[in-house]
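Novice: need a 3D model of the following:
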Amino acid sequence: MKNLSQATEEKLLEYIDGTLRAPDGEEMAQQLRSNSTLRGRYEELKRVHDALRATTTEAPSANFTKAVMNRLNERPVPATFSTRNGIILLVVAILAAAMATVLLSMGVFDNVSTPTVDLTKINLPKNLEQPLNSFHMDVRLMINVIIILNLALAFMLLDRAVLRPYFKRRMLDEVS
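Specialist: Model (predicted):
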């Protein structure tokens, strides 16, 4: 479909809205009868116009503005877990780190054979030119990493479950 000029589009929209002056309206009706491009565009715009007229807009409740304005100064409640659950998780993380440390110091993992990961047995695409090498995993190093990660988790839980609530209560007590 050939593009219409901006002025013609605006007149067509005014014609559809019924706001076009009488002489211009009669001229537009005559052009619609004689010009198939204009008539096609008119039908498109008319369908959109009718669809928009058929929709209803939702009106907010009478006290919507007042309710929003009253809640502007409120701070959102942060999503946190309960102090009790945080302390339980903290105790579990510390116990797991302690057990792993005791087992490591007793030499339980000294006789464990070091597993070898053989990457040459993996079916890879043919376009890889260099073969992949095998590598050995150190079990003691893995256990040490797990202990360190457990302790880091324990410190995070200590902060969230114990220290933050304590200092928040203390700050509120000083203010009041």
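Novice: number of residues surrounding Glu10?
Specialist: If you count neighbours by other C-beta atoms under 10 Å, Glu10 ends up with 12. The C-beta positions use only the backbone N, C-alpha and C, and glycine is treated the same way.
Novice: what's the mean pLDDT across the helix or strand it falls within?
Specialist: Assigned by DSSP states H and E, Glu10 belongs to helix 6-17. The average pLDDT within helix 6-17 is 89.
Novice: just the C-alphas of that helix, formatted as PDB.
Specialist: Output of helix 6-17 as PDB, limited to C-alpha atoms (Å, rounded to 0.1, in the frame of the first residue of the first chain):
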ATOM      1  CA  GLN A   6       0.900  13.300   7.000                       C
ATOM      2  CA  ALA A   7      -1.800  15.900   6.200                       C
ATOM      3  CA  THR A   8      -4.000  13.300   4.500                       C
ATOM      4  CA  GLU A   9      -3.500  10.900   7.500                       C
ATOM      5  CA  GLU A  10      -4.500  13.600   9.900                       C
ATOM      6  CA  LYS A  11      -7.600  14.500   7.900                       C
ATOM      7  CA  LEU A  12      -8.500  10.800   7.700                       C
ATOM      8  CA  LEU A  13      -8.200  10.500  11.500                       C
ATOM      9  CA  GLU A  14     -10.400  13.600  12.000                       C
ATOM     10  CA  TYR A  15     -12.900  12.100   9.600                       C
ATOM     11  CA  ILE A  16     -13.100   8.900  11.600                       C
ATOM     12  CA  ASP A  17     -13.400  10.800  14.800                       C
END
